[in-house]
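*Asks:* give me the fold of what follows.
(one chain, ligands or ions: 1)
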Amino acid sequence: MQKKFNAGIVGLGTYVPDRILTNLELQQIVETSDEWIRTRTGIKERRIAAPEQATSDLAYESAKRALESSGVTPNEIDLIIVATNTPDMFFPATGCIIQERLNAQRAAAFDLEAGCTGFIYGLVAADAFISSGIYKTVLVIGADILSRVVNWKDRNTCVLFGDGAGAAVLRPVETDRGILSVCLGSDGSGAENLTIPAGGSRLPTSLKTLEEDLHYIHMNGRDVFKFAVKAMGDASKKVIAGAGLKQEDIDFLVPHQANIRIIESAAKRLKLPMDKVLVTVDRYGNNSTASIPLALEEAVEDGRIKDGQNIVLVGFGAGLTWGAVAMRWGSTGIL
Ligand code: UT7
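*Replies:* You can find the predicted model right below:
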């Protein structure tokens with residue numbers, strides 16, 4: 001379909017909880033070491049939501065900040081998409097909770113679940129709504145509280161994850177700016193490599209599922225690692241070519257922050273030096289759908305990402321899913 005508009009990010013906002021959980025503290029909880037976590041994952045610390053905070057609380061803070069930075073008012077929002085794996089509850093959608101809290105009276109709202117690739121899926125959905133002319137202003141939020149679904153007795157997973165939220169306001173932008181090319185994928189044959197088995201309609205909550213710890217994340221780390229490196233490399237190459245660019249034209253890669261070794265291997269595949277790769281995994285761990293907007297906002301705020309630069313956002317996650325977006329940065333809407 002012919003694009004009517006190019007969609008671009010006209011404002012970003014993020015939120016992480018105050019509580020920092022260090023590797024040294026984790027050493028007191030499970031049989032692990034600061035040295036193992038740092039060398040095998042690159043993580044030094046992560047943020048943990050306060051007991052009274054739910055995903056919508058983190059999402060709301062990031063959304064407020066994204067609206068402030070874009071100058072968009074809640075009443076101008078046409079659609080709210082919340083990408084999350086840890087919604088406040090089964091239903092209603094966390095997006096509807098945000099709609100009410102923002103008082104975004106005109107906005108439609110829904111949640112989207114695509115593992116840690118959720119924020120990329122959200123951007124691609126927003127791009128489709130905007131470029132086709134259906135909607136003008138879309139708020140995409142990635143928010144997760146994985147600390148609530150991590151088994152704190154399982155050292156294979158509990159050292160990896162953290163909590164956070166990131167939001168982006170998308171609008172039509174000039175034709176040589178914004179989202180240039182997209183790629184999404186899924187492979188359900190790898191579903192069991194990263195899953196929360198119980199609590200849904202397949203295995204409803206029971207005493208047995210609780211006793212067997214089936215409400216927590218179960219992960220085959222090695223298989224996810226191998227998949228991640230290939231999927232991030234391939235998806236990035238696809239969107240770079242789709243945008244008519246070459247790998248050397250990319251100013252910044254904004255990868256999902258799961259493990260520094262995955263990020264370095266993907267960068268190597270793309271022949272990108274690490275000074276062109278955004279990294280926050282050391283400070284936040286893997287906060288799932290929030291990791292890409294958190295890394296992006298930080299680099300926009302500190303001036304590393306500038307108008308006219310080519311960037312690639314790329315992620316992978318449970319599903320299994322993967323996705324990438326090539327953009328030319330420019331945060332001025334043409335509405
Ligand atoms: O958003 C997507 C979410 N998931 C991911 O991105 C996960 C991708 N996978 C990974 O990042 C890595 O596979 C892990 C960090 C999970 C594991 O690193 P690895 O280098 O693949 O280690 P491994 O699973 O091969 O385990 C090596 C050893 C094992 O001991 P043995 O069997 O060799 O004696 C583990 O039991 O390390 C042990 N180990 C630990 N030791 C200390 C695993 N976790 C820990 C730990 N502390 N926290």
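*Asks:* state the mean pLDDT of the host helix or strand of residue 315.
*Replies:* Using DSSP states H and E, residue 315 sits in strand 310-317. Mean pLDDT, strand 310-317: 98.
*Asks:* note down every partner strand of that strand and its orientation.
*Replies:* Sheet pairing of strand 310-317 (DSSP bridges) gives strand 252-255 (parallel), strand 321-328 (antiparallel).
*Asks:* so what's the residue nearest to the spatial centre of the chain up against?
*Replies:* Closest residue to the average C-alpha location of the chain: residue 289 at 2.6 Å, with Cα atoms, centre = their mean. The contact partners of residue 289, by Cβ atoms under 8 Å, 6 or more residues apart in numbering, come to 83, 84, 85, 116, 118, 119, 122, 142, 143, 144, 166. From N, CA and C alone the C-beta is placed, and that goes for glycine too.
*Asks:* nearest to the ligand among these?
*Replies:* residue 116 (3.7 Å; Cβ to the nearest ligand atom).
*Asks:* which one is that closest one nearest to, not counting chain neighbours?
*Replies:* Nearest residue to residue 116, sequence neighbours excluded (Cβ to Cβ, 6 or more residues apart in numbering): residue 317, at 3.1 Å.
*Asks:* how far away is residue 144 from residue 58?
*Replies:* 8 Å (Cβ to Cβ, to the nearest Å).
*Asks:* cool, and residue 240?
*Replies:* Taking Cβ to Cβ, one finds residue 240 at 32 Å from residue 58.
*Asks:* tell me which of those two has more neighbours.
*Replies:* residue 58 (30 against 24; other Cβ atoms under 10 Å).
*Asks:* can you tell me the closest non-neighbouring residue to the more buried one?
*Replies:* residue 165 (3.8 Å).
*Asks:* phi, psi of the one you found?
*Replies:* Main-chain dihedrals, residue 165, degrees, to the nearest 10: phi -150, psi 150.
*Asks:* identify each buried residue in stretch 155-166, please.
*Replies:* For stretch 155-166, the buried set under the neighbour-count rule, 16 or more other Cβ atoms under 10 Å, comprises 155, 157, 158, 159, 160, 161, 162, 163, 164, 165, 166.
*Asks:* same check on stretch 179-191?
*Replies:* Neighbour-count burial for stretch 179-191 [16+ other Cβ under 10 Å]: 179, 180, 181, 182, 183, 184, 185, 186, 190.
*Asks:* farthest pair within the residues you listed?
*Replies:* Using Cβ to Cβ, these reach their maximum pairwise distance at 180 and 190, which is 28.7 Å.
*Asks:* hmm, residue 317 is touching residue 115, no?
*Replies:* Yes - using Cβ atoms under 8 Å, residue 317 is in contact with residue 115, at 2.7 Å.
*Asks:* put the alpha carbons of the host helix or strand of residue 129 into CSV.
*Replies:* Residue 129 belongs to helix 118-131 when assigned by DSSP H and E. What follows is helix 118-131, C-alpha atoms only, in CSV (Å, rounded to 0.1, in the frame of the first residue of the first chain):
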residue,chain,number,x,y,z
GLY,A,118,6.8,-5.9,22.1
PHE,A,119,8.0,-2.3,21.8
ILE,A,120,9.2,-3.0,18.2
TYR,A,121,5.8,-4.6,17.4
GLY,A,122,4.1,-1.5,18.9
LEU,A,123,6.2,0.8,16.7
VAL,A,124,5.4,-1.2,13.6
ALA,A,125,1.6,-1.1,14.4
ALA,A,126,1.8,2.6,15.1
ASP,A,127,3.6,3.1,11.8
ALA,A,128,0.9,1.2,10.0
PHE,A,129,-1.9,3.3,11.5
ILE,A,130,-0.2,6.6,10.8
SER,A,131,1.3,5.9,7.4
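*Asks:* show me how far it is from its chain's centre.
*Replies:* 13 Å (Cα atoms, centre = their mean, to the nearest Å).
*Asks:* what's the answer for stretch 183-203, then?
*Replies:* That offset, for stretch 183-203, works out to 17 Å (Cα atoms, centre = their mean).
*Asks:* contact partners of it?
*Replies:* With Cβ under 8 Å, 6+ apart, stretch 183-203 has contacts from 114-115, 117, 120-121, 124, 149, 204-206, 209, 212, 214-220, 223-224, 227, 231, 235, 238-239, 242, 317-325.
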